[in-house]
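*Asks:* the sequence isn't on hand, but the structure is:
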């Protein structure tokens with residue numbers, strides 16, 4: 001009726017370790033979660049491919065967040081970027097605050113030897129929805145001379 005029972009003690013230990021880790025992450029003060037969706041295309045032409053990403057960002061102070069994430073960049077030569085992100089809100093405005101962000105990591109492809117260094121640098125607007133949530137709208141440049149546009153959600157847990 002529910003989830004299948006673990007087959008051995010190794011499965012049980014992994015399950016308990018996973019539950020303990022999720023409990024600690026949920027209780028972590030200053031944890032933020034972002035998820036973004038949008039197109040990316042080579043510079044100078046409009047041939048969009050879909051991409052998304054999600055990051056777990058820890059608050060350094062009110063204006064700076066950093067943390068790891070993963071995503072998907074579609075189109076020819078699709079890859080999964082596994083990156084570290086730094087997001088800095090700029091001290092202008094109350095409800096709508098500009099921000100700059102950067103990512104650096106590895107782009108993983110089907111054949112691991114085809115993986116490469118991935119980076120993004122961009123800016124946007126952080127529009128506050130409530131005390132602990134925002135809509136993010138932004139864009140910038142990324143690996144392989146491409147530009148990107150993104151719309152997403154920031155939840156401050």
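*Replies:* Thanks, I have the structure now. These numbers come from a predicted model, not from an experiment. Residues are numbered from 1 along each chain as shown.
*Asks:* what residues sit buried inside stretch 47-60?
*Replies:* Residues 49, 51, 53, 55-57, 59 are the ones in stretch 47-60 that count as buried (16 or more other CB atoms under 10 Å). For every residue, glycine as well, the C-beta is placed using N, CA and C.
*Asks:* of these, closest to residue 116?
*Replies:* residue 51 (15.8 Å; CB to CB).
*Asks:* hmm, residue 137 is touching residue 153, no?
*Replies:* No: Residue 137 lies out of contact with residue 153 (CB atoms under 8 Å); the separation is 10.8 Å.
*Asks:* what are the phi and psi angles of residue 144?
*Replies:* Backbone torsions of residue 144, given as degrees, to the nearest 10, read phi 60, psi 40.
*Asks:* can you count the residues close to the nearest residue to it once chain neighbours are set aside?
*Replies:* Spatial nearest neighbour of residue 144, excluding adjacent residues (CB to CB, 6 or more residues apart in numbering): residue 42 at 7.5 Å. Residue 42 has 14 neighbours, counted by other CB atoms under 10 Å.
*Asks:* and residue 42, what pLDDT?
*Replies:* Residue 42 carries a pLDDT value of 87.
*Asks:* quick check: it touching residue 145?
*Replies:* Yes: if you go by CB under 8 Å, residue 42 and residue 145 touch, sitting 6.4 Å apart.
*Asks:* strands - which of the buried residues of stretch 47-60 land there?
*Replies:* Residues of the buried residues of stretch 47-60 located in strands (DSSP state E): 49, 51, 53, 55-57, 59.
*Asks:* re the thing from before, which phi and psi does the residue nearest to residue 144 have?
*Replies:* Dihedral angles (degrees, to the nearest 10) for residue 42: phi -60, psi 150.
*Asks:* from the chain's centre, how far out does stretch 38-52 sit?
*Replies:* Computed by CA atoms, centre = their mean, to the nearest Å, the separation of stretch 38-52 from the middle of its chain amounts to 18 Å.
*Asks:* what's the first-to-last distance across that stretch?
*Replies:* Terminal residues of stretch 38-52 lie 6 Å apart, using CA to CA, to the nearest Å.
*Asks:* residues in contact with it?
*Replies:* 35-37, 71-76, 78, 139, 141-142, 144-152 (CB atoms under 8 Å, 6 or more residues apart in numbering).
*Asks:* buried residues in stretch 81-99?
*Replies:* In stretch 81-99, counting by 16+ other CB under 10 Å, buried: 81-83, 85, 87-89, 97, 99.
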